[in-house]
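Q: Here you go, sequence then predicted model.
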Amino acid sequence: MRREIILSLAISAAALGAAAEDAPIIQDAEFYILQAQHAEQWAEDDAAVDQMLADFREQNDGKPPNILNILIDDVGFGDLGIPELNAIRGYETPNINQFSDEGMRMSRFYTEPSCTPTRVAQMTGRFPARQGMGDTAVDIAGFGLRGDEVILPEVLSEAGYATRHVGKWHMGDIEQSWPQNNGFDWAAFPIHQQGQLSIFNDDGIKEGVVVGNRDHDAKYMLDAFFRPDSSTMVTGVEAAKGEKAREVHMEAGERWTAKKYDEMNQRYQDQTIESLNVLAKGDKPFFLQYWPLLPLHNTRSTRDGYDSANGGLYVEKMQQLDAWMGEIFAELDKLGLAENTIVLFSGDNGHFTKYSPQSGFSAMIFRGGKADTTEGGIRVDAFIRWPGMIKADGIVNNMFHVSDMYQTLIRFAGATHLIPRDRIIDSIDQSASLLFADAGKGRRDSLIVYSDVVPEAIIKDQLKLKVPPKGENPIGAKFYNLYWDTREEYPISTEVGAWGGQEMVRVLGRHLARKQLYPDVEHATGIPYEGIENLRPETIKAVDAWKIKRAAVQK
């Protein structure tokens, strides 16, 4: 497995080295349709962007900006950055609200429907469906991100950045998928996610957050492998680039609890502050990625009471996370980093509505939540701050997809020439729109919305088509005007379908036709947890059980 990872890294390095600055990035079909209409203006805008970036570097000792990338789990649009909407919910996020005033809100920012695919899209600049990563796994699974994907920190590392990752990763439980093997100099992260860490831990089982896991009499069960035990799975690990990982703060025979989860969350906050201090002392620009596990926290076992008028499980932890964000923003100021650091702050998908209303969150402006392809599932709060470069207290209303941050941040770093040219890149460079605070300079007007590997909706301008399932007459497909109908409750199929039906079908058709030229690939597979040097005995047994289940299909 170690040899496989080294080979994957070598392939990635070759892709980086082979990328020629004058070779065009390969995009999806709709990009070229817009380019044919706006090429002259785009060239002028690109020249202006280049000049602005050159001026910044000249004033910053010749260096590109630092980048701090913060991605928040499962929060819907309007929950952050707007105190009036905070008041409606009955809680406060003053630090994030202040940050939003200091930066620009991307008011039409789209993600994928759940956490793994969103993270894959941001890191690779490609739709997760292209690489078999559109699904989300909770327990031991044996798959993950391919080592030959050229992800954001790899490009930035090649461009001379120091790189660190802290917090949730959730792109696979196999070695080649982990951050220290994909461009990060150092990483601290849980192998899995809150399904293990917050939901079906021992306290979650006691409180009825999850049922049927360990709340039973084992003598009535024949299959002891069916129910995963969160305490036997690897929890949090730490590793330096290219090295084996070590599980931390978990001893053999120890049970995973809400208290352990609290300690993990505090540890990641502390390590983010520590990382800022380490990186500030270096002579390289840095890319620091902090992906908190909060606000997801599903039990009351470690809580003393209620911290807000709302009192919801997630809302209270959102307030704690807001306090932590205040600490980070203050540390940036203290270290003198705020003026030369881009801070990207966004959600990864809509609310986990399955846990409404007790989470304290529910769908607000848009309908639906996590796992839905309605706007409530894929439209989130997103802000970007770069003092003196991006307009403060601004709003830009053109369409962004989370993958666009790949090309845009790389452009800000002066490393566009390192983006691979041997595959489709779904990311679109939106630097002109942000630097000029002008929605008219956006370069995206459409989005194919996937659920795993299935296109479920097509968005073009303000129109959205729900793709009818196979076998259903497309003449009855539902169109929505997202400006008129934010909750997608009033189809305007008759009014739009006469002219727009075939046009939308052609958008999807062109996308699928490009896939014939650049086919999708499968995710990487392997033995879970290989590459962790201190596996606990109970974890080894859990992997053995996984091997037995996998072998059963080959009998």
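A: Structure received.
Q: Next, the buried residues of stretch 34-46.
A: By 16 or more other CB atoms under 10 Å, the buried positions in stretch 34-46 come out as 34, 42, 45. C-beta coordinates here come from the backbone N, C-alpha and C atoms, glycine included.
Q: ok, now stretch 90-110?
A: Under the neighbour-count criterion of 16+ other CB under 10 Å, stretch 90-110 has 91-93, 95-100, 102-110 buried.
Q: Quick one: mark the members of those residues that sit in strands.
A: Filtering the buried residues of stretch 90-110 for membership in strands, criterion DSSP state E, returns 104-106, 109-110.
Q: what's the helix or strand hosting Ala498 in contact with?
A: Assigned by DSSP states H and E, Ala498 falls within helix 493-517. With CB atoms under 8 Å, 6 or more residues apart in numbering as the test, helix 493-517 has contacts from 28-30, 130, 424, 446, 448, 455, 458, 460, 463, 465, 467, 474-479, 481.
Q: Can you flag which of those residues belong to helices?
A: 29-30 (DSSP state H).
Q: Just the buried ones from the contacts of helix 493-517?
A: Judged by 16+ other CB under 10 Å, buried ones among these: 28-30, 130, 424, 446, 448, 455, 458, 460, 463, 465, 467, 477-479, 481.
Q: ok so, going back, following the chain past the helix holding Ala498, name the next helix or strand.
A: strand 524-525.
Q: Outside of stretch 423-434 itself, list whatever touches it.
A: 25-28, 31, 42, 45-46, 48-49, 104, 121, 125-127, 130, 384, 390, 396, 398, 400-401, 403-408, 411-412, 416, 419, 438-439, 441-444, 514, 518.
Q: ok, now with 6 Å
A: 25-26, 28, 45, 49, 125-127, 390, 396, 398, 403-404, 406-408, 411, 441-444, 518 (CB atoms under 6 Å, 6 or more residues apart in numbering).
Q: Please indicate which of the residues you listed are buried?
A: Using 16+ other CB under 10 Å, the buried ones in the contacts of stretch 423-434 are 25-26, 28, 45, 49, 125-127, 390, 396, 398, 403-404, 406-408, 411, 441-444.
Q: now, which of the residues you listed lie within helices?
A: Filtering the buried ones among the contacts of stretch 423-434 for helices - DSSP H - leaves 45, 49, 404, 406-408, 411.
Q: Nearest the geometric middle of the protein, what residue?
A: Nearest to the mean C-alpha position of the chain, counting by CA atoms, centre = their mean, stands Arg119 at 2.8 Å.
Q: Now name the helix or strand holding that one.
A: helix 115-124.
Q: to the chain's geometric centre, what's the distance from that helix?
A: For helix 115-124, the separation from the chain centroid amounts to 4 Å (computed by CA atoms, centre = their mean, to the nearest Å).
Q: any idea of the mean pLDDT for it?
A: The pLDDT scores in helix 115-124 average 97.
Q: can you state the direction angle for it and helix 404-412?
A: In terms of direction (axes from the mean of the first three to the mean of the last three CA atoms, to 10 degrees), helix 115-124 departs from helix 404-412 by 20 degrees.
Q: on that earlier part again, return the distance of the helix holding Ala498 from the chain's centre.
A: 28 Å.
Q: Please spell out which residues along that helix are buried.
A: Across helix 493-517, burial judged by 16+ other CB under 10 Å covers 493, 496-497, 500-501, 504, 507-508, 510-511, 514.
Q: before we move on, what about stretch 272-283?
A: Buried-residue list, stretch 272-283, by 16+ other CB under 10 Å: 272-273, 275-276, 278-280.
Q: hey, C-alpha coordinates of that stretch in PDB?
A: Presented in PDB, the C-alpha positions along stretch 272-283 are these (Å, rounded to 0.1, in the frame of the first residue of the first chain):
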ATOM      1  CA  THR A 272      -5.600  25.700  14.500                       C
ATOM      2  CA  ILE A 273      -4.400  28.600  16.700                       C
ATOM      3  CA  GLU A 274      -1.000  26.800  17.200                       C
ATOM      4  CA  SER A 275      -0.700  26.300  13.400                       C
ATOM      5  CA  LEU A 276      -1.300  30.000  12.800                       C
ATOM      6  CA  ASN A 277       1.600  30.800  15.100                       C
ATOM      7  CA  VAL A 278       3.900  28.200  13.500                       C
ATOM      8  CA  LEU A 279       3.100  29.300  10.000                       C
ATOM      9  CA  ALA A 280       3.500  33.000  10.900                       C
ATOM     10  CA  LYS A 281       7.100  32.400  11.900                       C
ATOM     11  CA  GLY A 282       7.900  30.800   8.500                       C
ATOM     12  CA  ASP A 283       9.100  32.600   5.400                       C
END
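Q: which residues in the stretch 301-450 of the chain form helices?
A: For the stretch 301-450 of the chain, applying DSSP state H, counting those that start in this stretch gives helices covering 313-334, 375-378, 404-412, 431-435.
Q: number of nearby residues for Lys391?
A: Using other CB atoms under 10 Å, the number of residues around Lys391 comes to 16.
Q: Then Pro537?
A: 10.
Q: from now on call the first residue 646
A: I'll keep to 646 as the first residue from here, and by that count the last item is Pro1182.
Q: now the spatially closest residue to Gly971 that is not a sequence neighbour: how far from Trp969?
A: Leaving aside its chain neighbours, Gly971 sits nearest to Asn740 (3.4 Å; criterion: CB to CB, 6 or more residues apart in numbering). Distance of Asn740 to Trp969, given as CB to CB, to the nearest Å: 8 Å.
Q: Mutual contacts of these two, please.
A: In contact with both Asn740 and Trp969: no residue, using CB under 6 Å, 6+ apart.
Q: need the contact list for Lys813.
A: Going by CB under 6 Å, 6+ apart, the list of residues near Lys813 reads 936, 938.
Q: 7 Å instead?
A: By CB atoms under 7 Å, 6 or more residues apart in numbering, the contact set of Lys813 is 718, 834-835, 838, 936, 938.
Q: among those, which two are most distant?
A: Asp718 and Phe834 (13.3 Å; CB to CB).
Q: before we move on, back to that, give the other helices and strands that the helix holding Arg764 contacts.
A: helix 1049-1057 (3 or more CB pairs under 7 Å, 6 or more residues apart in numbering; DSSP states H and E).
Q: Just the residues contacting the helix it packs on, thanks.
A: With CB under 7 Å, 6+ apart, helix 1049-1057 has contacts from 698, 709-710, 712, 767, 769-770, 797, 800, 987, 989, 1061, 1064, 1070, 1072-1076, 1079, 1089.
Q: mind redoing it with 8 Å?
A: Here helix 1049-1057 makes contact (CB under 8 Å, 6+ apart) with 670, 694, 698, 709-710, 712, 714, 767-770, 797, 800-801, 804, 987, 989, 1031, 1061, 1063-1064, 1070, 1072-1076, 1079, 1089.
Q: Point out where the stretch 896-1045 of the chain drops to low pLDDT.
A: Residues of the stretch 896-1045 of the chain meeting the criterion pLDDT under 70: none.
Q: can you give me the strands for it?
A: Counting by DSSP state E, counting those that start in this stretch, the stretch 896-1045 of the chain has these strands, from start to end: 931-936, 986-992, 1024-1025, 1027-1030, 1039-1041, 1045-1046.
Q: Name the nearest of the buried residues of stretch 679-691 relative to Gly995.
A: Nearest member of those to Gly995, counting by CB to CB, is Leu679, at 27.6 Å.
Q: Kindly confirm my reading that that closest one is in a helix.
A: Yes: judged by DSSP: H, G, I helix; E, B strand; the rest coil, Leu679 forms part of a helix.
Q: Asp1090 is in contact with that one, correct?
A: Yes: contact criterion CB atoms under 8 Å: Leu679 and Asp1090 qualify, at 6.7 Å.
Q: State the mean pLDDT of stretch 730-743.
A: 95.
Q: Next, the distance between the ends of it.
A: 14 Å (CA to CA, to the nearest Å).
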